[in-house]
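Peer 1: have a look at this fold, sequence not included:
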């Protein structure tokens, strides 16, 4: 049936061309488009009733018939043939939607998808079905929706470059469409940006604090971060690791430094330090007490210098 419709499509094209191009002689050199016979093609060539009416003064020239035949028979068959071909191409050659590839540059992911700065995104539409379709119809348009905006589209442009700069989590839907109307299932691109470093607070020991060897010192520190959160938090006293809530006893006299380092999920790092001193307690007025007094005076003098910024 499709073959017959194609026949009428070719026949109609030829007959209309002959009707408007013929002069008084059928098929001579003055005809820009001469009559082409499809009599050898099945189905049989249309009878005179299916041909064009005389288009010049000589009733014996050209074909006979009625123009209404074209409107009632040939054109409907021709349009049907065209639609059938389109449907066949769509149903059997390209039923596969295009796909969109994503490339992100600048500030790579650190932890759990978080990045420490702006990113440049490139979307590329591709209608290559990797051999699943006999013939791909071709990429038509690429669509996306940026946060807080309506959908945008690029028609006949297979790539899209845009930047994401806002801190936080941005969810961006996108999809591609080919010329047959096959639409890619909507995909989501998630961009997480945190360029702000954590905030670290040391509660104990206090900066420039003065403690005794008889004291029990509890380590107390904390950190906060938005929007990604704290990924790692660690502390040291004079290079020796300590933990939050740890109880220190029998500390050596002298000056010490606690250092706390916080890292967020984007890799931003903050290091905070606090200097403090421990004096040796003096139980009696003895030689030991004299040594403790010397340590006390040394620690107090050191703290004074630290506060003035001279050490």
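Peer 2: Structure's in. What do you need? All values derive from a computational prediction rather than experimental measurement.
Peer 1: contacts and neighbour counts: CA atoms only from here.
Peer 2: Noted.
Peer 1: helix or strand next in line after the host helix or strand of residue 241, which one?
Peer 2: Residue 241 is part of strand 240-242 when elements are defined by DSSP states H and E. Where DSSP H and E defines the elements, the next helix or strand beyond strand 240-242 is strand 247-248.
Peer 1: re earlier: what packs against the strand holding residue 241?
Peer 2: Applying 3 or more CA pairs under 8 Å, 6 or more residues apart in numbering; DSSP states H and E, we find strand 240-242 packed against strand 230-237.
Peer 1: and the contacts of the strand holding residue 241?
Peer 2: Contact with strand 240-242 is made by 219, 234, 235, 236, as judged by CA atoms under 8 Å, 6 or more residues apart in numbering.
Peer 1: I'd like the distance between the nearest residue to the third one once chain neighbours are set aside and residue 174.
Peer 2: Nearest residue to residue 235, sequence neighbours excluded (CA to CA, 6 or more residues apart in numbering): residue 260, at 4.2 Å. Summarising the geometry, the distance separating residue 260 from residue 174, computed by CA to CA, to the nearest Å, is 43 Å.
Peer 1: the two: which is more packed in?
Peer 2: With neighbours defined as other CA atoms under 10 Å, residue 260 and residue 174 compare such that residue 260 has more, 24 against 20.
Peer 1: secondary structure element holding that one?
Peer 2: Residue 260 belongs to strand 254-264, assigned by DSSP H and E.
Peer 1: identify the residue nearest residue 157 in space, chain neighbours excluded?
Peer 2: Of all residues not flanking residue 157 in the chain, residue 141 sits nearest, at 6.6 Å (CA to CA, 6+ apart).
Peer 1: what is the neighbour count of that neighbour?
Peer 2: When neighbours are counted by other CA under 10 Å, residue 141 registers 21.
Peer 1: tell me the buried residues in stretch 245-254?
Peer 2: Buried residues in stretch 245-254, counted by 16 or more other CA atoms under 10 Å: 251, 253, 254.
Peer 1: scratch that, stretch 140-156
Peer 2: 140, 141, 142, 143, 144, 145, 153.
Peer 1: cross those residues against strands and list the overlap.
Peer 2: Among those, the ones falling in strands (DSSP state E) are 140, 141, 142, 143, 144, 145, 153.
Peer 1: among the residues you listed, which pair sits farthest apart?
Peer 2: 140 and 145 (17.5 Å; CA to CA).
Peer 1: follow-up on the earlier one: now do the same contact list for the residue nearest to residue 235.
Peer 2: Here residue 260 is in contact with 200, 202, 221, 233, 234, 235, 236, 271, 272, 273 (criterion: CA under 8 Å, 6+ apart).
Peer 1: and residue 267, by the same measure?
Peer 2: 110, 111, 115, 116.
Peer 1: likewise residue 163?
Peer 2: So residue 163 contacts 118, 119, 120, 121 (CA under 8 Å, 6+ apart).
Peer 1: same check on residue 196?
Peer 2: If you count contacts by CA under 8 Å, 6+ apart, then residue 196 has 116, 225, 226, 268 around it.
Peer 1: the last one - nearest residue in space that isn't next to it in sequence?
Peer 2: Yep, that's residue 268 we're talking about. Leaving aside its chain neighbours, residue 268 sits nearest to residue 197 (4.9 Å; criterion: CA to CA, 6+ apart).
Peer 1: cool, the second one as well?
Peer 2: Closest residue to residue 225 apart from its sequence neighbours, by CA to CA, 6+ apart: residue 198 at 4.5 Å.
Peer 1: isn't that neighbour up against residue 262?
Peer 2: Yes - Residue 198 is within contact range of residue 262, at 6.4 Å (criterion: CA atoms under 8 Å).
Peer 1: shared neighbours, these two?
Peer 2: Residues touching both residue 198 and residue 262 (CA under 8 Å, 6+ apart) are 223, 230, 269, 270.
Peer 1: in the sheet, who's paired with the last one?
Peer 2: If I follow you right, that is residue 270. residue 262 (DSSP bridges).
Peer 1: neighbours around it, how many?
Peer 2: If we define neighbours as other CA under 10 Å, then residue 270 has 17 of them.
Peer 1: rewinding a little: could I get the contacts of strand 240-242 as TSV with distance to residue 100, pLDDT and neighbour count?
Peer 2: Output for the contacts of strand 240-242, formatted as TSV (distance: CA to CA, whole Å; pLDDT from 0 to 100; neighbours: other CA atoms under 10 Å):
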residue	distance to residue 100	pLDDT	neighbour count
219	53	97	20
234	42	98	16
235	46	98	22
236	49	97	15
